[in-house]
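Peer 1: Let's see this in three dimensions:
(2 chains)
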2 protein chains.
Amino acid sequence: MPILIVGSLAFDDIETPFGSSMNTLGGSSTYIALSASYFADKIQMVGVVGSDFEAEHFQLLHDRDIDTKGIQVIEDGKTFRWAGRYHYDMNTRDTLDTQLNVFADFDPHIPHQYQDTGIVVLGNIDPELQLKVLTQIKKPEMVILDTMNFWIEGKPEALKETLKHVDVFILNDSEARLLSGDPNLVKSARIIREMGPKTLIIKKGEHGALLFTNGGIFAAPAFPLESIYDPTGAGDTFAGGFIGHLSRCGEVTDMELRKAVLYGSAMASFCVEKFGTEKIAALDMLEIEDRYDSFLELSRIDV
Amino acid sequence: MPILIVGSLAFDDIETPFGSSMNTLGGSSTYIALSASYFADKIQMVGVVGSDFEAEHFQLLHDRDIDTKGIQVIEDGKTFRWAGRYHYDMNTRDTLDTQLNVFADFDPHIPHQYQDTGIVVLGNIDPELQLKVLTQIKKPEMVILDTMNFWIEGKPEALKETLKHVDVFILNDSEARLLSGDPNLVKSARIIREMGPKTLIIKKGEHGALLFTNGGIFAAPAFPLESIYDPTGAGDTFAGGFIGHLSRCGEVTDMELRKAVLYGSAMASFCVEKFGTEKIAALDMLEIEDRYDSFLELSRIDV
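Peer 2: Alright, predicted model coming up:
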């Protein structure tokens, strides 16, 4: 099933205790698309970049068979830029600089040939834009949405309106507590699922992820890595693996949703092993399936 | 296999956002013994109490077939008392008062008939006393140790000396980071296992637990509870369920260690549902096995 991804493309300056990476390709939709590309046949990106987004950046996406015709290039514009520094424990970071640039006026226009897409992924952008995207899609089989604290605090009503049209909602634990107003994640999940999305994934970083569906709760572990070099994009990479696996399923059952969470977790575990998109742009299916098997082994009980 | 438990018996005053419980029976060895009693044939406690430890308290332990002959009663002494208050998110607490009382002079003496025990559980007490206990046991099949920040900071050398004689070490994530000096739990586990214990369990509260053995890593989820009334004793209750399951295994394989972690998790999930020992003093095996099955379901993947 084709996947349409709407979100940010960016250049990031990243500092971690283990090194730094300047001017590296990033953005929510970049990570989602690269990660999903190992599973999905057809991936279409919609976004906006400036003229500093060069042929080599498009090439990196084309090398993974990603359709970039929906990416608008603003001549004389500059691509969205983000700079951040991670702390020693890698769980917290400071944003050092944000330059929205061409992203400030992003007005997503879905090309005619994309309007019949099956899976729509709304990366972390203004919820009003996310809703605007949905009005342009004919009849999506599945709508997946990601968001962040910034929108939960800044545009809660627009976000709640958009959530009414969402099938799968992905957010992290602190965002879930913020949106629900409850510190307990199980209660938070109940409150958020009543806002619309029947499938909810709460990411917990180094503690794995929880999947809530009508069928119950699934707890996925995180991969026990000794060294995390750069957490940037790990959440989007998770979303990409999750969506990628669903796109290749004929039918989306509860068990396939569980497996999709593990594939997402496997992809995220690769992402953090190198800076930026370096690792997830150059994987092969054998190592992905190996990592997935390691996830199965992590919680295996012979009954 | 008989289990010998050495640790504290106490009276606790507990305040949580959901209520309070005054003068309630507690202490590390109380929780461990009650929890293990559902699995093990023979449980022997060694500890010290004052004359305020009344017949009803002994009765509660005897009702679970726990042998209390190793508990010294100090006439005119007062039992160890602890008072604490949990915060809104239930993950942090303030100690309001600690009165060691008779526990200040605790000098564990292992009765002759206990010296052939198979499993020795050293609850959270001074590591010098833990070592002193071990010198009195003939040839234990398995030594299990719990500790806390207080001893890691206060008596690190004594703790490390004791750890050389320990088979299974149970501690929580912040304690593991403190002891190892490394923020990464996988690295922490490697460093701590080099101190002696080949089997290490790192408890992560609402995020479950990690088991490290020579055979690899097992990630156990926590039970997704909507309401946690009182986390007091949950860690000790975990240890009790874990040890209880091992005591009924003929052979301690890697898979039985994994199952033991899930039984420990199941017991801990009951503990927090009521104040103090109220819930874990009155369970039956049917509900324990039901909860265990729920844990299996939480991370089930059909391959």
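
Peer 1: where does the residue nearest to A:Pro224 when sequence neighbours are not counted land in three-state SS?
Peer 2: Among residues not flanking A:Pro224 along the chain, B:Val186 sits closest, at 4.5 Å (CB to CB, 6 or more residues apart in numbering or on different chains). Glycine gets a C-beta too; all of them are placed from N, C-alpha and C. Here B:Val186 takes the helix state, with states given by DSSP: H, G, I helix; E, B strand; the rest coil.

Peer 1: ok, B:Val186 - contacts?
Peer 2: B:Val186 makes contact with A:Pro224, A:Leu225, A:Glu226, B:Ile217, according to CB atoms under 8 Å, 6 or more residues apart in numbering or on different chains.

Peer 1: how about the residues of the stretch 101-250 of chain A that lie near chain B?
Peer 2: For the stretch 101-250 of chain A, the residues found near chain B under the criterion CB under 8 Å from any CB of the partner chain are A:183-187, A:190, A:204, A:206-208, A:210, A:216-222, A:224-228.

Peer 1: So, low pLDDT: which residues of the stretch 51-200 of chain A?
Peer 2: Low-confidence regions of the stretch 51-200 of chain A, defined by pLDDT under 70, are absent; no residue qualifies.

Peer 1: any chance you could map the strands in it?
Peer 2: In the stretch 51-200 of chain A, strands defined by DSSP state E, counting those that start in this stretch lie at A:66-74, A:80-86, A:93-99, A:119-122, A:142-146, A:168-172, A:199-203, listed in chain order.

Peer 1: Contacts made by the third one with the rest, please.
Peer 2: Going back to what we said before, that points to strand A:93-99. With contacts defined as CB under 8 Å, 6+ apart, strand A:93-99 is touched by A:Asp13, A:Glu15, A:Lys78, A:Phe80, A:Arg81, A:Trp82, A:Ala83, A:Gly84, A:Arg85, A:Tyr86, A:His87, A:Pro231.

Peer 1: Do I have it right that A:Ser294 meets A:Phe223?
Peer 2: Yes - proximity of A:Ser294 to A:Phe223 meets the contact threshold set by CB atoms under 8 Å, at 6.9 Å.

Peer 1: Residues that sit against both of the two, list them.
Peer 2: Taking CB under 8 Å, 6+ apart as the contact rule, the neighbours common to A:Ser294 and A:Phe223 are A:Ala266.

Peer 1: who has more neighbours, these two?
Peer 2: Between A:Ser294 and A:Phe223, counted using other CB atoms under 10 Å in any protein chain shown, the more crowded position is A:Phe223 (21 against 16).

Peer 1: Look up how far B:Asp146 lies from that one.
Peer 2: With distances defined as CB to CB, to the nearest Å, the gap from A:Phe223 to B:Asp146 amounts to 27 Å.

Peer 1: again, but for A:Asp105
Peer 2: Using CB to CB, which is the criterion applied here, A:Asp105 is 59 Å from B:Asp146.

Peer 1: who's more crowded, the two?
Peer 2: B:Asp146 (26 against 10).

Peer 1: ok, now which ones touch that one?
Peer 2: Applying CB under 8 Å, 6+ apart to B:Asp146 gives the contacts B:Gly7, B:Ser28, B:Val121, B:Leu122, B:Gly123, B:Asn124, B:Ile170, B:Leu171, B:Gly235, B:Asp236, B:Ala239.

Peer 1: and what of A:Ala260?
Peer 2: If a contact means CB under 8 Å, 6+ apart, then A:Ala260 has A:Gly241, A:Phe242, A:Ile243, A:His245, A:Leu246, A:Cys249 as its contacts.

Peer 1: The fourth one and A:Gly118: what is the separation?
Peer 2: It refers to A:His245. Separation of A:His245 from A:Gly118 (CB to CB) stands at 14 Å.

Peer 1: before we move on, the earlier item: turn the strands of the stretch 51-200 of chain A into JSON lines, including distance to B:Ala158.
Peer 2: Output for the strands of the stretch 51-200 of chain A, formatted as JSON lines (distance: least, CB to CB, whole Å):
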{"stretch": "strand A:66-74", "distance to B:Ala158": "59"}
{"stretch": "strand A:80-86", "distance to B:Ala158": "36"}
{"stretch": "strand A:93-99", "distance to B:Ala158": "38"}
{"stretch": "strand A:119-122", "distance to B:Ala158": "55"}
{"stretch": "strand A:142-146", "distance to B:Ala158": "49"}
{"stretch": "strand A:168-172", "distance to B:Ala158": "40"}
{"stretch": "strand A:199-203", "distance to B:Ala158": "40"}
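
Peer 1: quick one, which of these is nearest to A:Met255?
Peer 2: If you check each of the strands of the stretch 51-200 of chain A against A:Met255 by CB to CB, strand A:199-203 wins as the nearest, at 13.1 Å.

Peer 1: Packing partners of that closest one?
Peer 2: Under the contact definition 3 or more CB pairs under 8 Å, 6 or more residues apart in numbering or on different chains; DSSP states H and E, strand A:199-203 sits against strand A:168-172, helix A:173-180, helix A:185-193, strand A:209-213, helix A:234-247.

Peer 1: For B:Lys259, find the nearest of the ones you listed.
Peer 2: The stretch from the helices and strands packed on strand A:199-203 with the least distance to B:Lys259 (CB to CB) is strand A:209-213; that distance is 22.2 Å.

Peer 1: Which stretches in the stretch 1-150 of chain A count as helices?
Peer 2: When secondary structure is read from DSSP state H, counting those that start in this stretch, the stretch 1-150 of chain A shows helices at A:28-36, A:55-62, A:127-134, A:149-154.
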